[in-house]
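S.K.: no sequence on this one, just coordinates:
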């Protein structure tokens, strides 16, 4: 990691803020920049419109304050994954410890799937931000956004109480940890036998958990159809749809879970003859980021 020389305070004054704003929308970056400079005119702003740019600038400039969009559309990458990459790189750097304060900016502030991703990040004792928060990208007034920046970047206070309340109010809390895990594996296409191996239980137990999920989400099952009559809806497909429209899953979370699944299978492969794992699927791990385009 090559670090830019830090600005030193003059006459006992605090150094100017240095903030990296990473968002795939240049208009969103402009808006956030103007709001920050209105309150703190001397702020040094760094801009990034792709995940690769954000990671590179965070490393090269050693920026401690980072505003991250949670939903990069092209390439499809979550801001949580970008944050994780930055934190992992800093944890591996032996030369200098850089504090990381992250403010997630999103239109999905209350989305259960994003809450789940953020929860995993902030509960990771090895790689987690020193301070964190989040603001609504579309509806939050300028003054509240400025207050959020002040809370996270200046006073170093995380959004713990607000986040805990959002988790409490989230539809995902209607599901137990086991139900949520089975839901994720089911949406990834894992068989009942495969889920049983992954969570360390029996196929029958997995089937009971799935039955409970169908009931909670009011999904008809084939068993509900009269004897000899074929059901119209496939329960597992409907489960994926219901989870999607309820915000329990999103593409970012599923990519993250798919990678974790591949790593788990590679590490603890099932005994030969118990579960078949397609080698092409196992080895063909999708790239996290699309290579940056050279427009020069």
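M.R.: That came through fine. All values derive from a computational prediction rather than experimental measurement. Numbering: from 1, shown residues only.
S.K.: drop to CA atoms for contacts and neighbour counts, all remaining ones
M.R.: Will do.
S.K.: for the stretch 51-200 of the chain, which spans come out with low pLDDT?
M.R.: Scanning the stretch 51-200 of the chain with the threshold set as pLDDT under 70 gives 95-96, 108-110.
S.K.: can I see the domain layout of this structure?
M.R.: Residue ranges for the domains of the chain, per automatic domain parsing: 18-169, 175-283.
S.K.: Not counting its own residues, what contacts the helix or strand residue 282 falls within?
M.R.: Take DSSP states H and E as the rule and residue 282 turns out to sit in helix 279-283. Residues outside helix 279-283 that contact it (C-alpha atoms under 8 Å, 6 or more residues apart in numbering) are 262, 265, 266.
S.K.: Now the buried members of these.
M.R.: In terms of neighbour count (16 or more other C-alpha atoms under 10 Å), the buried residues within the contacts of helix 279-283 are residue 262.
S.K.: Which residue ranges of the stretch 101-250 of the chain form strands?
M.R.: Assigned by DSSP state E, counting those that start in this stretch, the strands in the stretch 101-250 of the chain fall at 101-106, 131-136.
S.K.: Quick check: which of those strands is nearest to residue 210?
M.R.: Closest approach to residue 210 among those (C-alpha to C-alpha): strand 101-106, 31.7 Å.
S.K.: now the angle between strand 131-136 and that closest one, please.
M.R.: Interaxial angle of strand 101-106 relative to strand 131-136 (axes from the mean of the first three to the mean of the last three C-alpha atoms, to 10 degrees): 20 degrees.
S.K.: Report the buried residues of stretch 192-209.
M.R.: Across stretch 192-209, burial judged by 16+ other C-alpha under 10 Å covers 192, 193, 194, 195, 196, 197, 198, 203, 206, 207, 209.
S.K.: Turn the contacts of helix 279-283 into TSV, including pLDDT, secondary structure and distance to residue 105.
M.R.: Shown next, in TSV, are these (pLDDT from 0 to 100; DSSP: H, G, I helix; E, B strand; the rest coil; distance: C-alpha to C-alpha, whole Å):
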residue	pLDDT	secondary structure	distance to residue 105
262	93	helix	30
265	94	helix	34
266	92	helix	35
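S.K.: Who are the contact partners of residue 172?
M.R.: By C-alpha under 8 Å, 6+ apart, the contact set of residue 172 is 112, 180, 248.
S.K.: can you pull out the helices in the stretch 151-296 of the chain?
M.R.: Ranges of helices in the stretch 151-296 of the chain, per DSSP state H, counting those that start in this stretch, are 160-169, 177-187, 192-199, 203-216, 235-245, 251-267, 279-283.
S.K.: which strands and helices sit next to the fifth one?
M.R.: I take that to be helix 235-245. Secondary-structure packing of helix 235-245 (3 or more C-alpha pairs under 8 Å, 6 or more residues apart in numbering; DSSP states H and E): helix 177-187.
S.K.: before we move on, back to that, so which of the domains of the chain is the most packed in?
M.R.: Across these, averaging neighbours per residue (mean count of other C-alpha atoms under 10 Å) puts domain 18-169 on top, at a mean of 18.
S.K.: What is the end-to-end distance of it?
M.R.: Domain 18-169 has its terminal residues 34 Å apart, counting by C-alpha to C-alpha, to the nearest Å.
S.K.: what sits up against stretch 69-87?
M.R.: 22-24, 50-51, 54-55, 58-59, 68, 100, 102, 104-106, 108, 117-118, 121, 127-129, 251-252, 288-290.
S.K.: What segments of the stretch 1-150 of the chain are helices?
M.R.: With helices called from DSSP H, counting those that start in this stretch, the stretch 1-150 of the chain shows them at 26-39, 51-60, 79-92, 112-122, 142-149.
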